[in-house]
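Colleague: Could you work out the structure for the sequence below:
(one chain, ligands or ions: 1)
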Amino acid sequence: MSQLNSQLIPEVKEFLAGSPLKAVIGGEDHTSANGGTCATRDPGTGEVLAEVSFMQPEDVDAAIQAAQAAFDRSGWSDLSPQARGVLLHRFIDEVEKRRNIFAQIEALDCGKLLRQADSDVQNFIDTMRYYTEMAMHVERRAPLAVPHYDAYTYRAPVGPCAFIFPWNFPLLLDGWGIAPALAAGNTVVIKPAEDTPLSTIYLGRVAREAGLPPGVINVLPGDGEVTGAALAKHPGIRRMSFTGSPEVGRRVAEACGRNLVPVKLELGGKGGAVVFDDVDVEATATQLVQAVTFHSGQVCCTATRWIVQKTIYDRFVEATVKCLQSLRIGHELQRGVQMGPVISEKQRQRILSYLSRGQEQGAKLLYQGETPPAEKAREGTYVAPALLAGLLENVAAREEIFGPVAYLTPFEDEEDAIRKVNATDYGLANSVWSRNLDRAHRVAEAMEAANSWINAHNLFPHGVPYSGIKKSGLGGGVLSEQALFDYLRATSVVRPRE
Ligand code: NAD
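Modeller: Numbering: from 1, shown residues only. Now for the predicted structure:
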């Protein structure tokens with residue numbers, strides 16, 4: 001931590017000095033059953049930030065018992081939505097007071113630019129408030145108009161809900177996941193990713209300080225194959241929400257299937273951007289460069305396949321190369337930096353391997369940036385952005401690279417564009433770029449994914465359901481009213497009319 005020490009705010013220093021950091025179970029700090037820990041590092045320097053206690057199956061069991069006890073006996077699940085709302089707002093206020101602490105922890109643990117980490121903290125706060133308010137206004141009893149009977153449905157919380165998250169947006173995804181579950185009156189058990197457990201552990205502590213009943217929020221850092229697997233197969237959970245790769249998602253769904261536990265999967269993507277020749281070429285190129293370099297391209301839904309009309313293809317390539325050449329790469333806390341490191345050496349090697357395999361299969365390398373000397377001198381895991389071009393039957397065009405790499409291909413006409421954008425196993429998000437809004441809407445509706453954006457990429461307003469289809473997910477409804485109802489079970493109540 002020598003390189004960073006002077007930049008750390010005192011509360012972050014104090015938090016990291018508590019290493020090894022523990023789980024939060026039933027409101028208490030909890031050390032793993034076998035005492036095992038694992039280091040979490042700053043991807044920008046490679047330095048260890050803290051050791052973290054990694055939970056074993058018996059610790060997972062303890063967390064689920066704590067969540068069940070809080071559900072059954074703390075009064076949390078029986079509170080009126082208004083009374084629960086008061087507690088949740090108090091918790092959100094405590095997060096907001098510590099906004100800069102959360103942002104610095106998140107930036108360092110993920111290698112995420114500080115301003116982006118700060119916006120993730122704001123997003124967490126907004127999502128929590130959105131669902132807290134919604135829960136206060138949702139009718140739990142819904143009358144059913146049927147002849148000869150008085151009938152209605154009644155909705156109640158379900159019990160302990162489990163969440164497994166990836167490393168790219170830890171706190172933001174915490175919010176997307178747990179906000180509807182908590183607002184509905186459930187208790188939660190969260191398993192953050194191995195590489196980025198810090199903001200979620202800190203969140204567990206803030207929940208305790210804010211006075212949420214012990215066991216309402218439990219945080220289980222640990223290994224996917226151990227802690228994650230034990231959580232997914234635990235019969236005590238009532239709902240599972242998994243965000244991560246399709247490969248692991250399938251295993252989590254299998255484990256939940258055995259216990260008949262409903263599972264929601266938010267998985268990977270290979271987002272397309274269809275660019276018609278009536279756009280402002282420079283402005284669109286700038287926006288797509290921003291999309292593919294956003295968090296160093298480690299964004300599930302970002303635009304990674306750029307399908308560009310033949311008539312503007314060369315101009316478009318020229319404009320994107322120009323934008324990439326001026327991109328400032330550096331440490332996530334450094335001012336003026338536009339792109340930080342990638343999460344780990346493993347991820348760096350994965351991206352570089354796609355670049356070489358893509359070329360071996362015939363793709364042309366249109367551009368590859370350079371990592372600045374100052375960053376090369378550190379032990380951080382930097383990957384400069386790159387552009388590949390060629391046919392879509394290429395490993396770099398088919399598979400999720402999860403780095404700052406775009407794959408370009410030209411198209412002839414609208415029909416050709418739709419065929420090309422849909423030539424993928426994924427179905428998360430695509431965008432279409434055109435001044436002709438009739439055409440843009442036509443293409444938006446023809447693209448086979450759960451999210452279609454027009455003249456922008458990466459849009460997540462609260463109230464608009466976000467989800468994935470095909471290899472990108474199952475369940476969906478994130479950020480919308482649907483997710484709140486996913487965490488409420490319905491009972492039908494019927495009485496014959498006299
Ligand atoms: P990953 O699937 O490797 O890991 C995700 C989580 O699963 C981690 O917490 C990990 O510890 C855990 N895990 C690993 N093995 C497990 C097992 N056997 N049982 C239970 N849990 C296990 O994914 P990642 O590399 O952390 O994240 C990148 C992936 O996440 C990409 O595919 C990306 O597109 C996807 N993602 C999707 C969304 C979305 O909203 N659709 C959002 C962010 C990331």
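Colleague: Let me see the confidence value for Asn5.
Modeller: pLDDT, Asn5: 76.
Colleague: try Ser2
Modeller: 61.
Colleague: hey, C-alpha coordinates of stretch 345-356 in CSV?
Modeller: What follows is stretch 345-356, C-alpha atoms only, in CSV (Å, rounded to 0.1, in the frame of the first residue of the first chain):
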residue,chain,number,x,y,z
GLU,A,345,-3.7,-10.6,-14.6
LYS,A,346,-6.0,-13.5,-15.5
GLN,A,347,-8.4,-11.1,-17.2
ARG,A,348,-5.5,-9.3,-18.9
GLN,A,349,-4.3,-12.6,-20.4
ARG,A,350,-7.8,-13.5,-21.5
ILE,A,351,-8.2,-10.3,-23.4
LEU,A,352,-4.8,-10.6,-25.1
SER,A,353,-5.5,-14.2,-26.0
TYR,A,354,-8.7,-13.1,-27.8
LEU,A,355,-6.7,-10.5,-29.7
SER,A,356,-4.3,-13.1,-31.0
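Colleague: burial count for Pro57?
Modeller: Pro57 has 16 neighbouring residues, counting by other CB atoms under 10 Å. Every C-beta, even on glycine, is put in place using the N, C-alpha and C of the backbone.
Colleague: er, Ala23 actually
Modeller: 28.
Colleague: My read is that it contacts Val60, right?
Modeller: No - here Ala23 lies out of contact with Val60, judged by CB atoms under 8 Å, at a distance of 9.6 Å.
Colleague: which neighbours do the two share?
Modeller: Each of 220, 222 lies in contact with both Ala23 and Val60 under the rule CB atoms under 8 Å, 6 or more residues apart in numbering.
Colleague: gap between Gln122 and Lys264?
Modeller: From Gln122 across to Lys264, the span is 24 Å (CB to CB, to the nearest Å).
Colleague: neighbour count winner among the two?
Modeller: More crowded of Gln122 and Lys264, by other CB under 10 Å: Lys264, with 25 against 16.
Colleague: roughly how far apart are the residue lying closest to that one once chain neighbours are set aside and Tyr131?
Modeller: Leaving aside its chain neighbours, Lys264 sits nearest to Gly475 (3.3 Å; criterion: CB to CB, 6 or more residues apart in numbering). For Gly475, the distance to Tyr131 equals 16 Å [CB to CB].
Colleague: do Pro57 as well
Modeller: Distance of Pro57 to Tyr131, given as CB to CB: 31 Å.
Colleague: what do you get for Gly27?
Modeller: For Gly27 relative to Tyr131 (CB to CB), the value is 22 Å.
Colleague: which one of those two has more residues nearby?
Modeller: Tyr131 (28 against 20).
Colleague: average pLDDT across the host helix or strand of that one?
Modeller: Assigned by DSSP states H and E, Tyr131 belongs to helix 114-137. Averaging pLDDT along helix 114-137 yields 98.
Colleague: Mind checking what helix or strand follows that helix in sequence?
Modeller: Counting by DSSP H and E, what follows helix 114-137 is strand 141-144.
Colleague: so how far is the very next helix or strand once past that following strand from its chain's centroid?
Modeller: Using DSSP H and E, the next helix or strand after strand 141-144 towards the C-terminus is strand 149-157. On the basis of CA atoms, centre = their mean, to the nearest Å, strand 149-157 sits 34 Å off its chain's mean C-alpha point.
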